[in-house]
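A.B. asks: sequence first, then the predicted structure, then my questions.
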Amino acid sequence: MISPLFVRCLQRRVVFRRSSSHAHRLRHASCVSPITVSVREEKPSLLLSKCRSFSASVYDADDHDHGMERRMPVSTFTEDEEMVRNMARQWANDELKPLVRDMDNECKTRPEVIEGLFNGGFMGMEIPEVSCGHLIIFCFFFVLFIIIIYVSAIMCADNVLSNHNFAISNQEFGGAGMNFTSAILVVEELSRIDPSVSILVDIHNTLTNNAIRFWGSHTLQSKWLPRLATDCVSSFALSEAGSGTDAFAMKTTATLSADGSYYTLNGEKLWISNSKEAGVFLVFANANPSLGHKGITAFVVDANTEGVHVGNPEKKLGLRASSTCPVVFDNVKVDSDDVLGEVGLGYKYCINILNEGRIGIAAQQIGIAKGCFDIAMPYLNDRTQFGTKLADFQGMEHQYAQIATEIHAAEVMTYNACRMKENNLPFVKEASMVKLFASQVAEKAASKSIEWLGGVGFTQDLLAEKFFRDCKVGSIYEGTSNIQLQTIAKKIKEDYK
């Protein structure tokens, strides 16, 4: 389901067409393509597929280029990415912001917020509009069509094609079909207003949605991706009481039935985000404990399955509106078809998908830091002491200039990691670096903003104190800061071997 705002944004988009006889050029991340630009009316349903990967940054190539290709900064976004960012920003300010304090006090995310996230398209950012299977079918018929044309030309049979009509009924998964950067920008903008909501969107998009997209069978994709894009919240069930940082020490087991048709899951997961709202869990369990971590397997489990029990939410320092609960699996029967990917490869899937998730956490932390600035800077510019605005005191200028510089550095690191991921470059080190650094920047920005605000910053009159509480978990979940340092050190040593 696409929001009216989404349709209006699409109607304003520019359609770009490739050409080899002009001087216009476009830059998208590391890709460089000659283009011409034409503006014409298009149906909204056609626009998404026609100009998703093109940047709105166009310049004239002239004599000053000297034949060298220009590359746009990583902080420059395509028109699609800017559209999504603006949509998320507007929705967060108009719909989410009035509810933030109440949801924090109630320790729950209101249903209308979740509904708004789905209606806005924010829960299926990278879920494709057309299934890969149907694209393959389309390619098959396209090749067949070309062969028929070729054979017809040889046989001079002009009437052969008149009796052949090929129509592909594309299955839509209901997603926005956008790129990874777009998903990250949504997380950042939502976090700028309420990090509790942004973590729901982040986990849903970067972990569970992508895991099913990458490794799910066609049956799993057809069953879950349409729902994940439109009405079903997901949850990533990995951590246990004895396996936090040491995630692969998990005790949850998956026992295969005698006829091989199903597995029985037993165990308890702890600190599971989105668990109260979840309609489906991505559960990691050991199908062969004798193999250690190589027995770990991922299962896609319907939350309504008999034996799945979600406990009471934890009482947390921050992110209070985000449900974090224990989840018990008591003799839960899961069909063999619900195994994600291959049996025994769950640990690899987990490692790979968490690398992406760390970029999402970095975006959340950047959003927190910017949210603090959004509160503090207007106050500094407005409040006067000793006849001078607080923002004009040199000591204050140095402080917010330093924080702003660090926020910008975290931004650039995050967007660069996104582009590396999108271009299939190794990004593990960069993901760890940006999660580590962004969490540090968020803590510093949140702490300083309260100091700048003075007494009012220490109260609940403003959301600065909430950001201060919310940011702390950034150095803990999806890999602690110490784990990020270990990963970075490991990659550095590999570079110098």
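C.D. replies: Great, that's in hand.
A.B. asks: hmm, who's touching stretch 453-462?
C.D. replies: With contact meaning Cβ atoms under 8 Å, 6 or more residues apart in numbering, stretch 453-462 is reached by Arg101, Ile375, Ala376, Tyr379, Ser449, Ile450, Glu451, Ala464, Glu465, Lys466. Where you see a C-beta, it was placed from the backbone N, CA and C, and this is true even at glycine.
A.B. asks: out of those, which is nearest to Val84?
C.D. replies: Nearest to Val84 among those, counting by Cβ to Cβ, is Ile375 at 24.2 Å.
A.B. asks: quick check: buried residues in the helix or strand harbouring that closest one?
C.D. replies: Taking DSSP states H and E as the definition, Ile375 sits inside helix 346-382. Within helix 346-382, the residues that count as buried by 16 or more other Cβ atoms under 10 Å are 346-350, 353-376, 379-380.
A.B. asks: what do you get for stretch 478-487?
C.D. replies: Glu478, Gly479, Thr480, Ser481, Ile483, Gln484, Thr487.
A.B. asks: who are the contact partners of the last one?
C.D. replies: Thr487 makes contact with Val428, Lys429, Ser432, Gly479 under the criterion Cβ under 8 Å, 6+ apart.
A.B. asks: mind listing which of these are in helices?
C.D. replies: If you go by DSSP state H, the contacts of Thr487 have Val428, Lys429, Ser432 in helices.
A.B. asks: now, of these, which are buried?
C.D. replies: Buried members of the ones in helices among the contacts of Thr487, scored by 16+ other Cβ under 10 Å, are Val428, Lys429, Ser432.
A.B. asks: for the last one, give its distance to Phe284.
C.D. replies: The span separating Ser432 from Phe284 equals 21 Å under the rule Cβ to Cβ, to the nearest Å.
A.B. asks: which stretches of the protein form strands?
C.D. replies: In the chain, the strands defined using DSSP state E lie at 15-18, 24-28, 31-38, 58-60, 233-237, 253-256, 262-273, 278-286, 296-302, 308-310, 324-335, 339-340, 384-385, 388-389.
A.B. asks: turn those into JSON lines, including mean neighbour count, mean pLDDT and distance to Thr78.
C.D. replies: JSON lines is the format used below for these (neighbours: other Cβ atoms under 10 Å; pLDDT from 0 to 100; distance: least, Cβ to Cβ, whole Å):
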{"stretch": "strand 15-18", "mean neighbour count": "15", "mean pLDDT": "36", "distance to Thr78": "10"}
{"stretch": "strand 24-28", "mean neighbour count": "19", "mean pLDDT": "34", "distance to Thr78": "6"}
{"stretch": "strand 31-38", "mean neighbour count": "14", "mean pLDDT": "32", "distance to Thr78": "11"}
{"stretch": "strand 58-60", "mean neighbour count": "13", "mean pLDDT": "40", "distance to Thr78": "11"}
{"stretch": "strand 233-237", "mean neighbour count": "27", "mean pLDDT": "98", "distance to Thr78": "27"}
{"stretch": "strand 253-256", "mean neighbour count": "18", "mean pLDDT": "98", "distance to Thr78": "42"}
{"stretch": "strand 262-273", "mean neighbour count": "21", "mean pLDDT": "98", "distance to Thr78": "30"}
{"stretch": "strand 278-286", "mean neighbour count": "25", "mean pLDDT": "98", "distance to Thr78": "30"}
{"stretch": "strand 296-302", "mean neighbour count": "25", "mean pLDDT": "98", "distance to Thr78": "32"}
{"stretch": "strand 308-310", "mean neighbour count": "18", "mean pLDDT": "98", "distance to Thr78": "39"}
{"stretch": "strand 324-335", "mean neighbour count": "19", "mean pLDDT": "98", "distance to Thr78": "35"}
{"stretch": "strand 339-340", "mean neighbour count": "23", "mean pLDDT": "98", "distance to Thr78": "31"}
{"stretch": "strand 384-385", "mean neighbour count": "10", "mean pLDDT": "97", "distance to Thr78": "43"}
{"stretch": "strand 388-389", "mean neighbour count": "12", "mean pLDDT": "98", "distance to Thr78": "38"}
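A.B. asks: can those strands go into TSV with extra columns for distance to Gly121?
C.D. replies: TSV is the format used below for these (distance: least, Cβ to Cβ, whole Å):
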stretch	distance to Gly121
strand 15-18	20
strand 24-28	21
strand 31-38	25
strand 58-60	26
strand 233-237	15
strand 253-256	34
strand 262-273	21
strand 278-286	18
strand 296-302	22
strand 308-310	27
strand 324-335	26
strand 339-340	24
strand 384-385	44
strand 388-389	41
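A.B. asks: Lys493: which of those is closest?
C.D. replies: strand 296-302 (26.4 Å).
A.B. asks: how about Tyr263, what does it touch?
C.D. replies: Counted by Cβ under 8 Å, 6+ apart, Tyr263 has contacts Ala254, Thr255, Leu256, Ser257, Ala285, Ala287, Thr297, Phe299, Lys333, Val334, Ser336, Val339.
A.B. asks: repeat the analysis, applying 10 Å as the threshold.
C.D. replies: Neighbour list for Tyr263: 253-257, 285, 287, 297, 299, 301, 332-336, 338-339, 343 [criterion: Cβ atoms under 10 Å, 6 or more residues apart in numbering].
A.B. asks: surely Glu112 is in contact with Pro98?
C.D. replies: No. Glu112 lies out of contact with Pro98 (Cβ atoms under 10 Å); the separation is 11.0 Å.
A.B. asks: okay, these two: which has more neighbours?
C.D. replies: More neighbours surround Glu112 than the other of Glu112 and Pro98, with 12 against 9 (other Cβ atoms under 10 Å).
A.B. asks: just the contacts of stretch 453-462: which are in helices?
C.D. replies: Under the assignment DSSP H, the contacts of stretch 453-462 contribute Arg101, Ile375, Ala376, Tyr379, Ser449, Ile450, Glu451, Ala464, Glu465, Lys466 to helices.
A.B. asks: now the fourth one. Nearest residue, chain neighbours left out?
C.D. replies: Yep, that's Tyr379 we're talking about. Using Cβ to Cβ, 6 or more residues apart in numbering and skipping residues adjacent in sequence, the residue nearest Tyr379 is Leu453, 5.8 Å away.
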